[in-house]
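K.L.:
Starting from these lines, generate the structure:
(2 chains)
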Amino acid sequence: MIDLLGFGGRGWGLQLLQGMGMTLLVAVSAYLWGLLLGGAAAALKLSGHRGGRVAADVYTTIVRGVPSLLVIYLLFFGGNSAATWVVSLLGFNGPVELSALPVGILAVGTVSGAYSAEVLRGGALAVPHGQVEAAKALGMNRWLTFRRVMLPQVLRYALPGLGNVWQLTLKDTSLVSVVALVELMRVAYLAQGATRQPFLFFTTAGVLYLGMAGLSGRLFARAELWAGRGVRRAAR
Amino acid sequence: MNASLLSTLVAALPRFAAGASLTVQLVTLSLLVGLVLATVVAVMRLSHLPPLRWLARGYIHVFRSTPLLVQIFLIYYGLGQFDAVRQSVLWPLLREPYWCAIIAFTLNTGAYTAEIMRGGIEAVPHGQIEAAKACGMNGSLLFRRIVLPQAFRLALPAYGNEIILMLQGSALASTITLMDLTGVAKDIASRTYQPIEAFCLAGAIYLGMSFLITRGVQLAERRLSPARR
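P.N.:
Now for the predicted structure:
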């Protein structure tokens, strides 16, 4: 049974590793896309612009109120039918199928962004307003204030929450397997179908997810220490 | 939106209603059993006996760090691999996707809720426990009458989030052939070639449910806080 997980003739070891690589690729890209989207949404929510605030609120409320699986289905199947329609306008016929990888990243990232937005907004609100005023009094412009005063502190306040969002995003990538992107979960599914060993392969997938979550959790703990350097902690 | 599309969606409404009712069923049952499980695990997690503590910690860690999809597939596909399971009295249950989904959801929400309950139990002011002891309460009576009711109240806001997350997680039931709200939407999307409309309608129903849950939890919070009654 163990040779099924190995790298030999019957082994699925290589495919599992490749699947894990794909999972990490989707997770990291989606997380970064989510940070970008979430940062923009957080900025809009905190801005004085009314329309922007409403748009950002609608985005986070809808995406956080609807299952991630549904968002993935909507972007994947809806995207296909929208692309087919656009292509038909250009005079081409036949169904169009979008590539699963970019759509998967877009879908998981859109979900991730809605959660990042709230975390980043909380982080920005935790920076005392007097500091922004002080920066202004020193003659810093908006960009410099953002880079030197806001960003380092928002990062420190938001990192624990951003770590949670990362774990959520990593687990959400498993849902992309339902649209046939060959990441870890999909490899496990294919392997169990071919070998009739579902327990073995899904347990293996679970252990690999545990490993990824554990290792990345460590990295985030490190990052928190780094972002909080020079800050006195409350006595425990 | 043209007329034929509108009539297709109207014709599909009863199926959406059936899907929504299955979703509600799955979520309610899993949450109820999960809450009992979580309370037991939270008490174990705070126990003075190391083995109990380790067991609770391991369970919480494993179920919180792996995707729900792995858990649901492991129970639905994985357990059937063993002859011992196939011949056991539990097989009629474990053969059904419905019960597999309930088991997976229960175990999953149990792990998350256990941490929420632990937070609630730890947040009960220590003076309350001293006062109860001074009144002559001990062990289970103290826990049942003083700690648990207050822990529930303190954990309620976080538990409201967990209810909504469970509602969203329940969409995974559609991956093991169940016709819950997401399953129905997917089926109708592929039959009618109108994926955008079908998924948006399902999304709107989920949003409505989330909204009702949020309001319900807010109401419960207000009723349960003695200061505002």
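
K.L.:
For the residue most central in space within chain A, which non-adjacent residue is closest in space?
P.N.:
With distances taken as C-alpha atoms, centre = their mean, the residue of chain A nearest its centroid is A:Tyr31 (2.9 Å). Nearest residue to A:Tyr31 in three dimensions, chain neighbours excluded: A:Thr169, at 4.9 Å (C-beta to C-beta, 6 or more residues apart in numbering or on different chains). C-beta here means a position set from N, CA and C on the backbone, and glycine is covered the same way.

K.L.:
And the helix or strand that neighbour falls within, what's buried?
P.N.:
Using DSSP states H and E, A:Thr169 sits within helix A:151-172. Going by neighbour count (16 or more other C-beta atoms under 10 Å in any protein chain shown), the buried part of helix A:151-172 is A:153-159, A:161-163, A:165-172.

K.L.:
Show me the shaky parts of chain B.
P.N.:
For chain B, the stretches flagged by pLDDT under 70 are B:1-3, B:227-229.

K.L.:
what about the helices in chain A?
P.N.:
A:13-46, A:50-65, A:68-73, A:79-89, A:100-126, A:129-137, A:142-145, A:151-172, A:184-195, A:198-227 (DSSP state H).

K.L.:
Tell me which of those helices approaches B:Pro149 most closely.
P.N.:
helix A:151-172 (28.9 Å; C-beta to C-beta).

K.L.:
tell me the angle the lowest-mean-pLDDT helix or strand in chain A makes with helix A:100-126.
P.N.:
Across the helices and strands of chain A, mean pLDDT, DSSP states H and E gives its lowest value to helix A:79-89, namely a mean of 86. Per axes from the mean of the first three to the mean of the last three C-alpha atoms, to 10 degrees, the angle that helix A:79-89 makes with helix A:100-126 is 120 degrees.

K.L.:
So what touches helix A:79-89?
P.N.:
Helix A:79-89 is touched from outside by A:Gly94, A:Pro95, A:Val96, A:Glu97, A:Leu98, A:Val103, B:Tyr193, B:Gln194, B:Pro195, B:Ile196, with contacts defined as C-beta atoms under 8 Å, 6 or more residues apart in numbering or on different chains.

K.L.:
ok, the first one - how many residues close by?
P.N.:
Taking other C-beta atoms under 10 Å in any protein chain shown as the neighbour definition, A:Gly94 ends up with a count of 8.

K.L.:
Phi first, then psi, for it.
P.N.:
A:Gly94 adopts backbone torsions of phi 90, psi 150, taken as degrees, to the nearest 10.

K.L.:
For it, give me its contacts.
P.N.:
Per C-beta under 8 Å, 6+ apart, neighbours of A:Gly94: A:Thr84, A:Val87.

K.L.:
B:Glu197 reaches B:Leu9, doesn't it?
P.N.:
Yes. Counting by C-beta atoms under 8 Å, B:Leu9 is a contact partner of B:Glu197 at 6.1 Å.

K.L.:
So between the two, which is more surrounded?
P.N.:
Neighbour count, other C-beta under 10 Å: between B:Glu197 and B:Leu9, B:Glu197 has more, with 20 against 17.

K.L.:
Can you give me the distance of the more buried one to chain A?
P.N.:
The gap separating B:Glu197 from chain A is 9 Å, by C-beta to the nearest C-beta, to the nearest Å.

K.L.:
rewinding a little: what subset of the contacts of helix A:79-89 is buried?
P.N.:
Among the contacts of helix A:79-89, those classed as buried by 16+ other C-beta under 10 Å are A:Leu98, A:Val103, B:Gln194, B:Pro195, B:Ile196.

K.L.:
where do the strands sit along chain B?
P.N.:
Using DSSP state E, no strands are found in chain B.

K.L.:
one step back: I figured the residue nearest to the centre of chain A hits A:Gly113, correct?
P.N.:
No. Look at A:Tyr31 against A:Gly113 with C-beta under 8 Å: they stay out of range, at 9.3 Å.

K.L.:
what sits against the closest residue to A:Gly38 other than its chain neighbours?
P.N.:
Spatially, and ignoring its direct neighbours in sequence, A:Gly38 is nearest to A:Ser116 (2.8 Å; C-beta to C-beta, 6+ apart). Residues near A:Ser116 by C-beta under 8 Å, 6+ apart: A:Gly34, A:Leu35, A:Leu37, A:Gly38, A:Gly39, A:Ala42, A:Leu162, A:Val165.

K.L.:
and whichever helix in chain B runs longest, anywhere near chain A?
P.N.:
Longest helix in chain B by number of residues, with DSSP H as the criterion: helix B:3-45. No. Using C-beta under 8 Å from any C-beta of the partner chain, helix B:3-45 stays clear of chain A, coming no nearer than 9.6 Å.

K.L.:
helices or strands next to that helix in the packing?
P.N.:
Counting contacts by 3 or more C-beta pairs under 8 Å, 6 or more residues apart in numbering or on different chains; DSSP states H and E, helix B:3-45 is packed against helix B:50-65, helix B:97-123, helix B:148-169, helix B:181-192, helix B:195-224.

K.L.:
and with 6 Å instead?
P.N.:
Counting contacts by 3 or more C-beta pairs under 6 Å, 6 or more residues apart in numbering or on different chains; DSSP states H and E, helix B:3-45 packs against helix B:50-65, helix B:97-123, helix B:148-169, helix B:181-192.

K.L.:
who does the second one touch, helix- and strand-wise?
P.N.:
Pointing back at helix B:97-123 there. For helix B:97-123, the packing partners by 3+ C-beta pairs under 6 Å, 6+ apart come out as helix B:3-45, helix B:50-65, helix B:68-73, helix B:148-169.

K.L.:
Can you list the buried residues in that helix?
P.N.:
Neighbour-count burial for helix B:97-123 flags B:97-118, B:120-121 (criterion: 16+ other C-beta under 10 Å).

K.L.:
again with the shortest one
P.N.:
Residues of helix B:181-192 classed as buried: B:Leu181, B:Thr182, B:Gly183, B:Val184, B:Ala185, B:Lys186, B:Asp187, B:Ile188, B:Ala189, B:Thr192 (neighbour count, 16+ other C-beta under 10 Å).

K.L.:
Output those residues as TSV; include the columns distance to A:Phe202.
P.N.:
Output for the buried residues of helix B:181-192, formatted as TSV (distance: C-beta to C-beta, whole Å):
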residue	distance to A:Phe202
B:Leu181	25
B:Thr182	21
B:Gly183	21
B:Val184	26
B:Ala185	26
B:Lys186	22
B:Asp187	25
B:Ile188	29
B:Ala189	27
B:Thr192	33
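
K.L.:
I am finished for the moment; much appreciated.
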